[in-house]
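# Fold the following for me, if possible:
(chains A and B)
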Amino acid sequence: MSLRDMMRRHISGWMSLDGPESDVVLSSRIRLARNLRGCKFPPRSTDAENKDVLAKVEQVVVQLIESRTPLFKDGRWVRISELSPIERQVLVERHLVSPQYVQEVHARAVFISADETISVMVNEEDHLRIQTMNAGLRLTDSLSLASQVDDILEDSLDYEYSERLGYITTCPTNVGTGMRASVMLHLPALALANRLQGILQAMSRVGLVVRGLYGEGTDSVGNIVQLSNHVSLGCSEEEIVDNLSAMTLQLINQERSAREALARDLRIKLEDKIHRSYGILTTARMLSSHETMGLLSDVKLGIDLGMLEGVDPSAFTELLVLTRPAHLQEFIGTELTSEERDVRRADLVRERLKIDRQKE
Amino acid sequence: MLCEECGKRPASVHVTKIVNNQKMQQRLCQECARTKWEDMGFFVQPHLTMQSLLSGLLSSAGGAQIGSSPAIQARCSNCGLPFREFARTGFLGCGHCYQQFDEQLRPIYKRIHGDTEHKGKVPLRCGGRARVTREIESLRKELQECIRVENYERAAVLRDRIKALQDGLASSEENGGS
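Next comes the predicted model:
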């Protein structure tokens, strides 16, 4: 099936490491919540009403794909009910859908663009969740892309919109722009220096929200956090993006100076930690998902600080996604028990890192 | 019902696991679910979401007056959502809920967003722009056809109509109506 082809390519656009500030910012994402006029919101609507919304959107999106409209051409329309549990989880791990979204399969489908930078979820918390994702700190590009997709869809779909309140959303926390802008940050030095908590608390005081790797209600693993705006009403999309970008730049500076301080004051200890982690990754025979992410975080820090040579920087983001449970099982082609997964994960990591060594 | 793992705390999470086509179901407390799910790479904390924060807001100081007012008994006349239900879940039922519960929602906007008015994007359709653009396109086609069959009288009318529509679009753009 077509999703399998997508998997074979392994790497989405946002996973490359050629984006700006990619030593700290892994990706930038924009999400727009939209609802169709006159239809009950998904949490309140019946199965038949959900199907009705899905049919309306499907007609529009499939037409856009078939007419080879820019941004939509060569994209895929994926019905969640037609996916195996592993394939559904693969979409989550690739950040194309939210973890909550695939808990339910009826009347749900997602549009995924050819390069996976655009996805449109139907019948999530809102009727439409338009999402765009780019590598590195590129919020403005992501916003402009999301807005284009929004304009194209709006041409055929009638949105619920109020002049006073803006885009009407299921939850009043999203009303107005219906937008959430977020950046995925790798902050190992701040975490090592035990400064992460304090800084993240400060962020919440300036209207930003901190979350784990997979969004709302998830923990941070591998020293990766998501920073996003909280306010959606009373300021423009551009102001929200400017504010988040400015705060992100502050965090980048903090993280970089923490890295410099570590490399200067605790160099041998840091080198030891990084090389130990690399040692485990290249020799271990069993690796849990959680442990792998922690070790990969050390290796990425080592690459960024120039302490670890001969390792391709893209190995980090590739392995970050490919070693997640569902990707691993999709890659192997069969369902695995937890123990089997740990063995296969270790195999995969050794294999991937060996390639870099051979190139040396 | 108590958690099947620790047998101490109440079970609040229902886990269904499918491994090699073997379905396993477990009822766990949040702490045990958390530990178990770490291996799957997901750390879902169902009770720490924006919605729950919102319902927290509703029951806090600003929400006290909302909670005690008769409004809590109100229902949306379109979708039937009781306001009480919104206070619990943080989800509204339909677009009409926003009008119906406007009075109760205003203090909430203020608390969440620090503002009560939208200042962002305006949909093209809202200003009728999409429709106008489409109309211009179809008039242009008709105009070409009129010229082809040398119906200049009709063509002049169409030309003026297109000009008027284009001017309207341009002025709405100047007024920030795009």
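
# confidence score at whichever residue of chain B sits closest to chain A?
Closest residue of chain B to chain A, CB to the nearest CB: B:D115 (2.4 Å). Bear in mind the C-beta positions are built from the backbone N, C-alpha and C, glycine included. Per-residue confidence (pLDDT) for B:D115: 89.

# And B:Y152, by the same measure?
91.

# contacting residues around it?
Contacts for B:Y152 (CB atoms under 8 Å, 6 or more residues apart in numbering or on different chains) come out as B:C146.

# buried sites along the helix or strand A:L145 falls within?
Assessed by DSSP states H and E, A:L145 sits inside helix A:139-154. Under the neighbour-count criterion of 16 or more other CB atoms under 10 Å in any protein chain shown, helix A:139-154 has A:139-143, A:145-147, A:149-150, A:152-154 buried.

# What is the nearest of the residues you listed to B:E150?
A:I152 (38.3 Å; CB to CB).

# Show me which parts of stretch A:270-278 are buried, residue by residue.
In stretch A:270-278, counting by 16+ other CB under 10 Å, buried: A:270, A:273-274, A:277-278.

# Let's verify the residue of the stretch 101-250 of chain A found nearest chain B: helix, strand, or coil?
Residue nearest to chain B within the stretch 101-250 of chain A (CB to the nearest CB): A:G234, separated by 2.4 Å. Classification of A:G234 using DSSP: H, G, I helix; E, B strand; the rest coil returns coil.

# Give me the neighbour count for it.
20 (other CB atoms under 10 Å in any protein chain shown).

# Model confidence for it, exactly?
Model confidence at A:G234, given as pLDDT, is 92.

# Below-threshold pLDDT in chain A: ranges please.
Residue ranges of chain A with pLDDT under 70: A:1-17, A:212-220, A:355-360.

# where do the strands sit along the chain?
The chain I'm using is chain A. Assigned by DSSP state E, chain A shows strands spanning A:25-34, A:76-79, A:109-112, A:118-122, A:128-135, A:161-162, A:166-167, A:179-186, A:208-211, A:224-229.

# not what I meant, chain B
Counting by DSSP E, the strands of chain B are B:13-19, B:22-28.

# hey, least reliable of the ones you listed by pLDDT?
Looking at the strands of chain B, the bottom one is strand B:13-19 with a mean of 66.

# Please verify my assumption that B:R84 contacts B:Q73.
Yes: if you go by CB atoms under 8 Å, B:R84 and B:Q73 touch, sitting 7.5 Å apart.

# the bottom helix or strand of chain B by mean pLDDT?
helix B:61-68 (a mean of 46; mean pLDDT, DSSP states H and E).

# thinking again about what came up before, got the strands of chain A as CSV, with mean neighbour count and distance to B:R111 columns?
Shown next, in CSV, are the strands of chain A (neighbours: other CB atoms under 10 Å in any protein chain shown; distance: least, CB to CB, whole Å):
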stretch, mean neighbour count, distance to B:R111
strand A:25-34, 26, 20
strand A:76-79, 18, 38
strand A:109-112, 24, 33
strand A:118-122, 25, 28
strand A:128-135, 25, 24
strand A:161-162, 18, 19
strand A:166-167, 26, 17
strand A:179-186, 25, 18
strand A:208-211, 19, 15
strand A:224-229, 22, 16
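
# So which of those strands is nearest A:A246?
strand A:208-211 (10.5 Å).

# That closest one - which strands sit beside it in the sheet, and in what orientation?
Note on strand A:208-211: by DSSP bridges, its sheet partners are strand A:224-229 (antiparallel).

# got the angle between the partner strand and strand A:25-34?
40 degrees (axes from the mean of the first three to the mean of the last three CA atoms, to 10 degrees).

# so strand A:224-229 versus strand A:179-186, what angle?
Using the same axes, to 10 degrees: strand A:224-229 against strand A:179-186 is 150 degrees.

# what residues does strand A:224-229 touch?
So strand A:224-229 is contacted by A:26, A:179-187, A:196, A:200, A:203, A:207-213, A:215, A:240, A:243-244, A:247-248, A:251, A:293, A:297 (CB under 8 Å, 6+ apart).

# how about the CA coordinates for that strand, as PDB?
Extracted in PDB, the C-alpha atoms of strand A:224-229 (Å, rounded to 0.1, in the frame of the first residue of the first chain):
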ATOM      1  CA  ILE A 224      13.800  17.200  23.600                       C
ATOM      2  CA  VAL A 225      11.100  19.700  24.400                       C
ATOM      3  CA  GLN A 226       8.400  21.400  22.400                       C
ATOM      4  CA  LEU A 227       7.800  25.100  23.000                       C
ATOM      5  CA  SER A 228       4.600  26.600  21.700                       C
ATOM      6  CA  ASN A 229       2.300  29.600  22.000                       C
END
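
# Could you find the closest non-adjacent residue to the residue most central in space within chain A?
The residue lying closest to the centre of chain A (CA atoms, centre = their mean) is A:H95, at 3.9 Å. Leaving aside its chain neighbours, A:H95 sits nearest to A:M133 (6.4 Å; criterion: CB to CB, 6 or more residues apart in numbering or on different chains).

# about what we covered before: which residues touch the residue of chain B closest to chain A?
B:D115 touches A:231, A:233-235, B:109, counting by CB under 8 Å, 6+ apart.
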